[in-house]
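*Asks:* predicted coordinates and the sequence they were generated for:
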Amino acid sequence: MTDNNNGEVVTLTTFATAAEAEIAASMLRSMGIEVSIVNEISSIMLPYINDNRVRLLVNSDDRQRALELLEAVSEES
């Protein structure tokens with residue numbers, strides 16, 4: 001993930017599973033938002049660790065738009 005306009009990389013949201021995170025990341029990427037996934041492998045290999053949620057990271061400049069897109073998708077479900 002690149003540092004866009006000196007923006008900070010922040011956690012957008014977390015997911016219990018890597019599959020959920022991949023779906024959200026794919027949707028955001030298709031909308032032009034750069035996303036990184038953290039803890040994807042460890043959540044699969046060590047699922048019983050309490051703080052092992054999968055995190056989506058985005059540039060702080062994209063945070064608000066990314067949240068709005070995720071909210072819009074969850075309202076449709």
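*Replies:* Structure received. Treat the numbers as computed from the prediction; the structure is a model and nothing was measured.
*Asks:* can we go C-alpha only for contacts and neighbour counts from here?
*Replies:* Fine.
*Asks:* how about the strands in the protein?
*Replies:* Along the chain, counting by DSSP state E, strands occupy 9-15, 36-38, 54-59.
*Asks:* would CSV of the ones you listed with mean neighbour count and distance to Ser26 be doable?
*Replies:* Listed next are those as CSV, based on neighbours: other Cα atoms under 10 Å; distance: least, Cα to Cα, whole Å:
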stretch, mean neighbour count, distance to Ser26
strand 9-15, 18, 14
strand 36-38, 17, 10
strand 54-59, 23, 11
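*Asks:* what about the residue nearest to Asp62 when sequence neighbours are not counted, distance to Asn52?
*Replies:* Of all residues not flanking Asp62 in the chain, Ile33 sits nearest, at 6.8 Å (Cα to Cα, 6 or more residues apart in numbering). As judged by Cα to Cα, to the nearest Å, Ile33 and Asn52 stand 24 Å apart.
*Asks:* pull the distance from stretch 23-42 to the chain's centre.
*Replies:* With Cα atoms, centre = their mean, to the nearest Å as the basis, stretch 23-42 stands 5 Å off its chain's centre.
*Asks:* buried residues in it?
*Replies:* Ala24, Ala25, Met27, Leu28, Ile33, Glu34, Val35, Ser36, Ile37, Val38, Asn39, Glu40 (16 or more other Cα atoms under 10 Å).
*Asks:* quick one: pLDDT of the last one?
*Replies:* We note a pLDDT of 68 for Glu40 in this prediction.
*Asks:* now do the second one
*Replies:* Predicted confidence (pLDDT) at Ala25: the value is 97.
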